[in-house]
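Novice: Just need the structure, nothing else, for what follows:
(4 chains)
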4 protein chains.
Amino acid sequence: MKILNILGSSRKEGNSEILSDYVLNNIDHNKIYLSDKHINPIIDKRHTKEGFSIVEDDYEEILPALFSHNIYIFTTPLYWYGMSGPMKIFFDRWSQYLRDERFDFKEEMSKKKAYVIVTGGANPQIEALPLIQQFKYIFNFVNMEFVDYITGRGNEPGDVKEDQAAISKALLWNKSLKGE
Amino acid sequence: MKILNILGSSRKEGNSEILSDYVLNNIDHNKIYLSDKHINPIIDKRHTKEGFSIVEDDYEEILPALFSHNIYIFTTPLYWYGMSGPMKIFFDRWSQYLRDERFDFKEEMSKKKAYVIVTGGANPQIEALPLIQQFKYIFNFVNMEFVDYITGRGNEPGDVKEDQAAISKALLWNKSLKGE
Amino acid sequence: MKILNILGSSRKEGNSEILSDYVLNNIDHNKIYLSDKHINPIIDKRHTKEGFSIVEDDYEEILPALFSHNIYIFTTPLYWYGMSGPMKIFFDRWSQYLRDERFDFKEEMSKKKAYVIVTGGANPQIEALPLIQQFKYIFNFVNMEFVDYITGRGNEPGDVKEDQAAISKALLWNKSLKGE
Amino acid sequence: MKILNILGSSRKEGNSEILSDYVLNNIDHNKIYLSDKHINPIIDKRHTKEGFSIVEDDYEEILPALFSHNIYIFTTPLYWYGMSGPMKIFFDRWSQYLRDERFDFKEEMSKKKAYVIVTGGANPQIEALPLIQQFKYIFNFVNMEFVDYITGRGNEPGDVKEDQAAISKALLWNKSLKGE
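Specialist: From the prediction side, this is the model:
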């Protein structure tokens, strides 16, 4: 079991990361901060003769990380009632990799399990629901198991520590991921 | 009445733009192709002392266009069950402009009317619903009227012309926007 | 092709039925007004030893009608952001019929195609979306094809005739169902 | 603070009630089992001259209970991806009471706080989301505060006791409602 935490926030140690760190406490894992990576928006070449060609950006180092882990924890603040822009850019590129001859992307993704952590300021347990449904569609498309999600409340940095329901669920995930 | 069509696709003349052009046929309007613009992802500085500072990218030319039009048509293909990454990057920056002292962004946006056009390959009238709900939340937040939306089906370029329900709704919007 | 229109409204000739009648104009079909039927709420006996027994109410005459038609048009006003109570009572009983030894209910339902017509007063094209998603889950569960849906606006009786987008989509369905 | 638990299940002591009892443990409260009540489906008379008249069924005893409590806990199993039929019948009648001259129903409801507890067999934390959104719309309409919701997993009776995330959230509500 290898865990990869993929973070969409533009800030380090914001509420969404704090909540994820409860989940990952004392568990071996790797993190990818999408805001540290240079990822180009997809150029849709599905309908061109030449098709997609390899894009020389940081995705080439993300791909091996995706393949070598089997549990993904997607962590994003709720930006405008959706995942962060950089995380959306990250997913959009999957359309390219589905057609990449170097690997069978869909087959690889179907072996993974996904957890989702979203934090937002006002009423995330309601306002994040369209995003949760979007994640459900995304994971369904690649036959990835969507294990569960947590929505946490937090506006000012650190606020999420006061969201007891979110913290207690994070601690349950932590125990479960530790195999306890 | 000034109409601004804001397009999120990575391709020109894809299905989402074709459908929008039915709406805009013989109507004066301007277009912004977000894929032609250089827009940085937001750096969240809501909780820093210095706050946001002006970002020198193409948003500085988009802002006057936003303010000088009063009807927005948001056009995006359904990428991974959401708006395109570049359109998400576009919206995320609103968090910055809400705090910009040069204008009252929320007040300006509350005067606008929004239409949404989404096209997708498989079953967009169902699969786009989380995105429609996200748009609803976005427009609510800035008190912008969400007039209506069209979901059109199209995978191969031009397919959407066969979606009669989408086309007929586009033609009704065209008549309505012409004041007929 | 035999068409069954299943109506959930408590009133005859309300907006939801008017809209359905555009779809069914000059097409052979049958109607079931659920408000005319006596249907008991399900008594969940999934976990009792004796299991379900046949309930002697009007569902015994509805069942043959369900089996003998292959296209269902579900018509309901939006009551409190959902289908009408009598239509919900109607669906709840499917849990019983899934376990009825007289027939293979799920297998029968998997051969049917479903259309949905919903009308509501304020903003049905947004406010009906949770209901549309519920219908999607219901039809998925029994592997019934969910062809499409129409949401129409109408508060006062007859209002829906002014909803041109709804009417034009109803007329397209009418042509399609006629095989034109 | 007076708590009213309104239960939609057709069975006593099913998973939804078990989960609610964790919330209500050692807290003074009253329960209404909707399946024990005789409530007629609404007959929509909004558009008739005479309007609604008082319906002589068990709702006449439910109304004073609604008015005399200020916290409602709505408990329902997920039946066909929605609230139970009897609970839907219960809500539909609100359209009548909104027009009842004996009281200002909307004003009364706006003073209440709502909690929602839903249990379902397969994947309720995803499949119940349309229902949660429907509850949100319902409570918004009458300006009732939607405090929070729990979705619990359970198919066989008692299963929900194994859903640790649901139980731990129920216990947090219990503490909070006790004022601890």
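Novice: what residue is smack in the middle of chain A?
Specialist: A:Phe74 (2.2 Å; C-alpha atoms, centre = their mean).
Novice: and the host helix or strand of that residue, is it in reach of chain D?
Specialist: Assigned by DSSP states H and E, A:Phe74 belongs to strand A:71-77. No - Strand A:71-77 stays clear of chain D (C-beta under 8 Å from any C-beta of the partner chain), getting no nearer than 15.0 Å. Yep, even glycine has a C-beta here, placed from its N, CA and C like the rest.
Novice: for that strand, what is the average pLDDT?
Specialist: In this model, strand A:71-77 carries a mean pLDDT of 98.
Novice: Check which strands are paired with it and give the direction for each one.
Specialist: For strand A:71-77, the paired strands and their directions (DSSP bridges) are strand A:3-7 (parallel), strand A:113-120 (parallel).
Novice: Find the one among the ones you listed with the highest mean neighbour count.
Specialist: strand A:113-120 (a mean of 24; mean count of other C-beta atoms under 10 Å in any protein chain shown).
Novice: Can I get it in CSV, CA atoms only?
Specialist: What follows is strand A:113-120 as a C-alpha-only set of coordinates in CSV (Å, rounded to 0.1, in the frame of the first residue of the first chain):
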residue,chain,number,x,y,z
LYS,A,113,-8.4,3.8,-4.7
ALA,A,114,-9.4,7.4,-4.2
TYR,A,115,-10.1,9.5,-1.1
VAL,A,116,-11.2,13.1,-1.4
ILE,A,117,-10.7,15.9,1.1
VAL,A,118,-12.3,19.3,0.5
THR,A,119,-12.4,22.3,2.8
GLY,A,120,-14.4,25.4,2.4
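Novice: which residues touch that strand?
Specialist: Residues from elsewhere that reach strand A:113-120 (C-beta atoms under 8 Å, 6 or more residues apart in numbering or on different chains): A:14-16, A:19-20, A:23, A:70-78, A:83, A:124, A:127-128, A:131-132, A:135, A:139, A:144-154, A:160, A:166, A:170, A:173.
Novice: Would you report the backbone torsion angles of the residue of chain A most remote from its centre?
Specialist: What lies farthest from the middle of chain A is A:Lys49; by C-alpha atoms, centre = their mean that is 32.0 Å. Here is the backbone geometry of A:Lys49 (degrees, to the nearest 10): phi -60, psi -40.
Novice: on that earlier part again, report the inter-axis angle for the helix or strand that the strand holding A:Phe74 is followed by versus strand A:71-77.
Specialist: The C-terminal neighbour of strand A:71-77 among helices and strands, as given by DSSP H and E, is helix A:85-92. Orientation of helix A:85-92 against strand A:71-77 (axes from the mean of the first three to the mean of the last three C-alpha atoms, to 10 degrees) gives an angle of 140 degrees.
Novice: by contact count, what packs against the very next helix or strand once past helix A:85-92?
Specialist: Remark: after helix A:85-92, the chain's next helix or strand is helix A:94-97, criterion DSSP H and E. Secondary-structure packing of helix A:94-97 (3 or more C-beta pairs under 8 Å, 6 or more residues apart in numbering or on different chains; DSSP states H and E): helix A:105-109.
Novice: quick check, the helix it packs on touching chain B?
Specialist: No - Helix A:105-109 does not reach chain B (C-beta under 8 Å from any C-beta); its nearest approach is 12.3 Å.
Novice: what does stretch A:40-48 give?
Specialist: Yes - Stretch A:40-48 is in contact with chain B by C-beta under 8 Å from any C-beta, via A:41-44, A:47.
Novice: And that stretch, what's buried?
Specialist: A:41-42, A:44-46 (16 or more other C-beta atoms under 10 Å in any protein chain shown).
Novice: which other residues reach it?
Specialist: Residues contacting stretch A:40-48 (C-beta under 8 Å, 6+ apart): A:51-53, A:55, A:57, A:89, A:92-93, A:95-96, A:99, B:9-11, B:14, B:35, B:77, B:79, B:84-86, B:89, B:156-157.
Novice: and the end-to-end length of that stretch?
Specialist: In stretch A:40-48, first residue to last residue: 19 Å (C-alpha to C-alpha, to the nearest Å).
Novice: chain center to it: distance?
Specialist: 22 Å (C-alpha atoms, centre = their mean, to the nearest Å).
Novice: Give me the longest helix you can find in chain A.
Specialist: Longest helix in chain A, counting residues (DSSP state H): helix A:164-178.
Novice: Nearest residue to A:Lys12 in space, ignoring adjacent ones along the chain?
Specialist: Nearest-residue entry for A:Lys12: A:Tyr33, 7.1 Å, with adjacent residues in sequence omitted and distances by C-beta to C-beta, 6 or more residues apart in numbering or on different chains.
Novice: what bridges to that neighbour?
Specialist: A:Leu7.
Novice: Could you pull up the contacting residues of it?
Specialist: By C-beta under 8 Å, 6+ apart, A:Tyr33 lies in contact with A:7, A:9, A:12.
Novice: Among the residues you listed, which one sits closest to chain D?
Specialist: Nearest to chain D among the contacts of A:Tyr33, counting by C-beta to the nearest C-beta, is A:Leu7 at 22.1 Å.
Novice: Tell me the spacing between the closest one and chain C.
Specialist: To chain C, A:Leu7 is 29 Å away according to C-beta to the nearest C-beta, to the nearest Å.
Novice: is it true that that residue touches A:Ile32?
Specialist: Yes - using C-beta atoms under 8 Å, A:Leu7 is in contact with A:Ile32, at 6.8 Å.
Novice: Show me which residues of chain A are close to chain B?
Specialist: A:9-11, A:14, A:35, A:41-44, A:47, A:77, A:79-86, A:88-89, A:91-92, A:94-95, A:127, A:129-131, A:133-134, A:137-138, A:141, A:156-157.
Novice: Alright, calling it a day.
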